[in-house]
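Student: Got a predicted structure plus its sequence, pasted below:
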Amino acid sequence: MLKRTCVLILSLVAFQALAAGPVRRVVIAGDSTASAYGPERAPRTGWGQVLDTYLDSTWEVRNHAQSGRSARSFVEEGWFAGMARDLRKGDVLLIQFGHNDEKIEDPTRYNEPAQAFPQWLMRYVGLARERGATPILVTPLARRKFDHGQLLDTHGLYTQAVRTLAAREQVGLIDLNRASMDWLRALGDGPSKAYFMHVPEQAQTDDTHLQKRGALAVACLVVAGWTQLDPALQQHVVRDTDCGARGTALADLAAQTHPSRIVQERGIATPQPGPHGGQGDSTAYPFFKDEPGMSFEFRKRVLHAGAGIGFHQHDKDEIYYVISGRGIYTLDGKEHEAGPGNAMLTRPGSTHAIRQAGDEDLVLLITYRKQGAE
């Protein structure tokens, strides 16, 4: 009986694997910005280390990136050979170098950008083509280097060399340098430190390597660029990749007709009787009530002891969300208990009311479309 059960389990596993389809692989060849780190290096994290969090189980990440390597030293130190043994037909090979190729003081890693750097990168492209894999060139991740609020481009000729090579050889290109520079400019000098290895408790101020939140953000940029090259990949992406910022972000900000802003609720607290003929006392917090260009209302409503929002019929969609306290919600002739975490949607034509219950104030967040808004 046990043997038969084991056979059935193994058969089921095999069937599920077959039903899921063959697992595709993405292989990474790169430097420390992509490589994996153990817990002893935390919070330092490479973007390749978290790339798998963006892909479903039909994809496997094989991260061969190594800290401190250039396109040249990765080959000469044997890492290329190990990656080559792993690469197979149908794989996608992401190739990202540049940081260490720029180090003219180190002849074991340095590659001048006009000829040597693209020649070494062609070793990777050629290997992928030979194996039936798909090569994708990735420009180097931007350094977080600001000067008087202006982000500096530290990779210049190396980034351009990758772009030129990709165009000449008709190889897919993820322009991570451009995407990460746009991201950093919009994020700003101060806020961007939290994404890089600025770790005071470790006495680190590193503007090249990433903390986990930075690695996740950069992996998002990589996947967003990858899906532009291969839209079919999108069906296997399990996380939102609407990340980063457009290159026009700062200009867009300067051109805003109505700027974004932050308010504090204590400055807008408005005591009111229960709305819609409700009993008792309430306090309204009408966030951004007079803000121009807003298509919806958003407010906090506190129903104090015994208070309620009176019974009324709706001609618009409205959502109540309970932050704290308890109440009785009447919807279309039926009563429901309402507590923290409950969300109530009222559609046009419905009737509703809510009243506070128990010893604690009932605190609601309320949102609905403004009258006349499209």
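Tutor: Perfect, thanks for sending it. Numbering: from 1, shown residues only.
Student: wait, what's in contact with residue 64?
Tutor: Contact analysis of residue 64 by CB atoms under 8 Å, 6 or more residues apart in numbering lists 27-30, 79, 82-83, 86. Every residue, glycine included, has its C-beta placed from N, CA and C.
Student: Which one of the residues you listed sits in the busiest neighbourhood?
Tutor: residue 29 (32 neighbours; other CB atoms under 10 Å).
Student: What separation is there between the closest residue to residue 206 other than its chain neighbours and residue 73?
Tutor: In this structure, residue 206 finds its nearest non-sequential neighbour in residue 197, 3.6 Å apart by CB to CB, 6 or more residues apart in numbering. Distance of residue 197 to residue 73, computed by CB to CB, to the nearest Å: 22 Å.
Student: do the same with residue 90
Tutor: Counting by CB to CB - residue 90 and residue 73 are separated by 28 Å.
Student: Same question for residue 332.
Tutor: Distance of residue 332 to residue 73, given as CB to CB: 71 Å.
Student: Comparing the two, which residue is more hemmed in?
Tutor: Neighbours per residue (other CB under 10 Å) separate residue 332 from residue 73, with residue 73 holding more: 24 against 11.
Student: Name the helix or strand for that one, please.
Tutor: Taking DSSP states H and E as the criterion, residue 73 maps to helix 71-76.
Student: Restrict that helix to CA atoms and write it as PDB.
Tutor: What follows is helix 71-76, C-alpha atoms only, in PDB (Å, rounded to 0.1, in the frame of the first residue of the first chain):
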ATOM      1  CA  ALA A  71      34.100  41.600 -18.800                       C
ATOM      2  CA  ARG A  72      37.800  40.600 -19.100                       C
ATOM      3  CA  SER A  73      38.600  39.300 -15.700                       C
ATOM      4  CA  PHE A  74      35.400  37.300 -15.600                       C
ATOM      5  CA  VAL A  75      36.800  35.300 -18.500                       C
ATOM      6  CA  GLU A  76      40.400  35.200 -17.500                       C
END
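Student: Which other helices and strands does that helix contact?
Tutor: For helix 71-76, the packing partners by 3 or more CB pairs under 8 Å, 6 or more residues apart in numbering; DSSP states H and E come out as helix 116-131.
Student: quick one, the next helix or strand after the helix it packs on and helix 116-131 angle?
Tutor: Later in the chain than helix 116-131, the nearest helix or strand by DSSP H and E is strand 134-138. Strand 134-138 and helix 116-131 are oriented at 160 degrees to each other (axes from the mean of the first three to the mean of the last three CA atoms, to 10 degrees).
Student: Just checking: what are the partner strands of strand 134-138?
Tutor: Sheet pairing of strand 134-138 (DSSP bridges) gives strand 92-96 (parallel), strand 172-174 (parallel).
Student: does residue 101 really touch residue 158, like I thought?
Tutor: Yes - here residue 101 reaches residue 158: they are 6.2 Å apart, a contact under CB atoms under 8 Å.
Student: Settle it for me: which of the two has more neighbours?
Tutor: Neighbours per residue (other CB under 10 Å) separate residue 101 from residue 158, with residue 101 holding more: 27 against 23.
Student: roughly how far apart are that one and residue 74?
Tutor: Taking CB to CB as the measure, residue 101 falls 10 Å from residue 74.
Student: Repeat that for residue 245.
Tutor: Going from residue 245 to residue 74 by CB to CB gives 31 Å.
Student: and these two? which has more neighbours close in?
Tutor: residue 74 (29 against 17).
Student: sec struct for the closest residue to the more buried one other than its chain neighbours, please.
Tutor: For residue 74, ignoring the flanking residues on the chain, the nearest one in space by CB to CB, 6+ apart is residue 80 at 5.5 Å. Of the three states, residue 80 takes helix according to DSSP: H, G, I helix; E, B strand; the rest coil.
Student: so what's residue 80 up against?
Tutor: Neighbour list for residue 80: 29, 74, 123-124, 127 [criterion: CB under 8 Å, 6+ apart].
Student: Let me have the residues you listed in a markdown table, extended by pLDDT and distance to residue 302.
Tutor: What follows is the contacts of residue 80, written out as a markdown table (pLDDT from 0 to 100; distance: CB to CB, whole Å):
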| residue | pLDDT | distance to residue 302 |
| --- | --- | --- |
| 29 | 98 | 58 |
| 74 | 98 | 61 |
| 123 | 98 | 67 |
| 124 | 98 | 62 |
| 127 | 98 | 65 |
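Student: Could you work out the most separated pair of these?
Tutor: In terms of CB to CB, those reach their longest pairwise distance at 74 and 127, which sit 11.9 Å apart.
Student: Run through the stretch 1-150 of the chain and note the low-pLDDT ranges.
Tutor: Residue ranges of the stretch 1-150 of the chain with pLDDT under 70: 1-21.
Student: Show me where it has its helices.
Tutor: Assigned by DSSP state H, counting those that start in this stretch, the stretch 1-150 of the chain shows helices spanning 2-20, 71-76, 79-86, 116-131.
Student: Mean neighbour count and distance to residue 278 added to the strands paired with strand 134-138, as CSV?
Tutor: Putting those into CSV (neighbours: other CB atoms under 10 Å; distance: least, CB to CB, whole Å) gives the following:
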stretch, mean neighbour count, distance to residue 278
strand 92-96, 25, 60
strand 172-174, 20, 56
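Student: so can I have TSV of those showing distance to residue 54?
Tutor: What follows is these, written out as TSV (distance: least, CB to CB, whole Å):
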stretch	distance to residue 54
strand 92-96	13
strand 172-174	13
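Student: Thanks again, I'm all set now.
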